[in-house]
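Visitor: fold the stuff below for me.
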Amino acid sequence: MQTTFRTATASDRQEWAALRFELWPDCSIERHALEVEQLSSSEGLVVVAERGGELVGFAEASVRVDHVEGTRSAPVPYLEGWYVRHTHRRQGVGRNLLLLVEQWAQDCGYTELVSDAEIENHLSIQLHKHLGFSEVGRSVHFLRKLETRKS
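Guide: A predicted model of the protein is given here:
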């Protein structure tokens, strides 16, 4: 059975959100559905891999207008999410999804593509490097809750 690659459509949203939940299970399915809606209406690109009538992977790219560490340009396309089901890995699915994102970015005139990985996700870091990404930095992000002030 052959894998096909295409731009995500509105009919993919529920299955795409479920794939996102597999990748990021700490985030609620409702939050994934919201982000799918947001990504669907952004100027970025979402491509999916389909085999046997089901989605088996996706790649999401947004366009970030703020400065992104390690880049020389802004705006810049950012690989926000990239996932292939375990049963379909090591078959070129992830590579083909990435190639589609790269082609789109080049067609739009961009000269850089940015991505990230959780610091403890050694497999993703290795895969990024294997596919031509260079590590440009590591960081720990912080959040401080603020009390709401009454007017």
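
Visitor: what is the helix or strand residue 14 falls within packed up against?
Guide: Assigned by DSSP states H and E, residue 14 falls within helix 13-23. Contacts defined by 3 or more C-beta pairs under 8 Å, 6 or more residues apart in numbering; DSSP states H and E place helix 13-23 against helix 29-40, strand 54-64, strand 76-84. All C-beta spots, glycine's among them, are computed from the backbone N, C-alpha and C.

Visitor: quick one, that helix and strand 76-84 angle?
Guide: 80 degrees (axes from the mean of the first three to the mean of the last three C-alpha atoms, to 10 degrees).

Visitor: what residues does helix 13-23 touch?
Guide: Residues from elsewhere that reach helix 13-23, judged by C-beta atoms under 8 Å, 6 or more residues apart in numbering: 8, 27, 29, 32-33, 35-37, 40, 46, 48, 54-55, 57-58, 81, 83, 85.

Visitor: tell me the angle that helix makes with strand 54-64.
Guide: 80 degrees.

Visitor: in helix 13-23, what's buried?
Guide: 13, 15, 16, 17, 19, 20, 21 (16 or more other C-beta atoms under 10 Å).

Visitor: now the angle between helix 29-40 and it, please.
Guide: Using the same axes, to 10 degrees: helix 13-23 against helix 29-40 is 120 degrees.

Visitor: now helix 13-23: mean pLDDT?
Guide: Mean pLDDT, helix 13-23: 94.

Visitor: swap in stretch 82-101?
Guide: Per-residue scores along stretch 82-101 average to 95.

Visitor: quick one: contacts of the least confident helix or strand in the chain by mean pLDDT?
Guide: Lowest on mean pLDDT, DSSP states H and E among the helices and strands of the chain sits helix 29-40, with a mean of 89. Here helix 29-40 makes contact (C-beta under 8 Å, 6+ apart) with 8, 10, 13-14, 16-18, 20-21, 24, 46, 60, 62, 80.

Visitor: want to throw the residues you listed into TSV with distance to residue 128?
Guide: Shown next, in TSV, are the contacts of helix 29-40 (distance: C-beta to C-beta, whole Å):
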residue	distance to residue 128
8	22
10	30
13	27
14	28
16	22
17	24
18	24
20	19
21	22
24	17
46	19
60	15
62	17
80	14
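
Visitor: for those, work out which two are farthest apart.
Guide: 10 and 24 (21.6 Å; C-beta to C-beta).
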